[in-house]
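In: I'd like to go over a predicted model; first the sequence, then the structure.
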Amino acid sequence: MFELWISLKDIPAEGREFHFTDQSLWTGPMREFAVAGRIAKPFAARLSIVPQGEGFLVSGEFAGSLIAPCGRCAEDFELPVATSFEVYEGPEEEAEGDTESQDESHLRLSPSGNPELNVAGLIWEQFVLALPESPVCSEACRGLCPQCGVNRNENDCGCVREEGDPRLAVLRNLKLQ
């Protein structure tokens, strides 16, 4: 996983803002995790980091777009991806022998004892949360024919659709109110 650690040692009480336009924050993990698509409009992220007690309040936003395959018709289309977020990154209480909890936080202490934040991991996490589970080119997309595979947005294939089990035909016209 691509990491970009920034020191939080000198963050003033009112906070500090950071801007990220390096596309490797997105392209590296996209390759590593086999995310279908490529960048269409470059992504840009803004993070505001404010000290809060033992941890830090991180609020931010990013925007850009991908060329991705449609989940219905498999044609490539431009998918805008943008979100804003607010997370608290603080020290995690680690149970004895529990190494899993360390992987959940994007905050660590450097060898000199100063807090550092993995902004690449945080931005990637928010990027994945902002992606739709099954992106579609449009809500009206008719998809592929399950029998012959033709793109029904471009052609009607003429395949006869199976009506289902004839024993359940009575239930097709059932209306629930």
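Out: Good, I have the coordinates.

In: contacts only, for the nearest residue to Val50 once chain neighbours are set aside.
Out: Nearest in space to Val50, with sequence neighbours left out and distances taken as Cβ to Cβ, 6 or more residues apart in numbering, is Gly15 at 3.5 Å. To be clear about C-beta, it is placed using only N, CA and C from the backbone, and glycine gets the same treatment. The contact partners of Gly15, taken as Cβ atoms under 8 Å, 6 or more residues apart in numbering, are Ser48, Ile49, Val50, Pro51, Leu57.

In: residues touching the spatially closest residue to Val81 that is not a sequence neighbour, list them.
Out: Of all residues beyond its chain neighbours, the one nearest Val81 is Ala130 (5.4 Å), with distances taken as Cβ to Cβ, 6+ apart. Going by Cβ under 8 Å, 6+ apart, Ala130 touches Val81, Ala82, Thr83.

In: distance check, the most centrally placed residue in the chain against Ala13.
Out: Central residue check for the chain by Cα atoms, centre = their mean: the C-alpha nearest the mean position is that of Val128, 1.7 Å away. Separation of Val128 from Ala13 (Cβ to Cβ, to the nearest Å) stands at 32 Å.

In: and for Ile67?
Out: The span separating Ile67 from Ala13 equals 43 Å under the rule Cβ to Cβ.

In: more crowded one of the two?
Out: Taking neighbours as other Cβ atoms under 10 Å, Ile67 and Ala13 compare with Ile67 leading, 14 against 6.

In: I figured that one hits Gly37, correct?
Out: Yes: taking Cβ atoms under 8 Å as the contact criterion, Ile67 and Gly37 are neighbours in contact, 5.8 Å apart.
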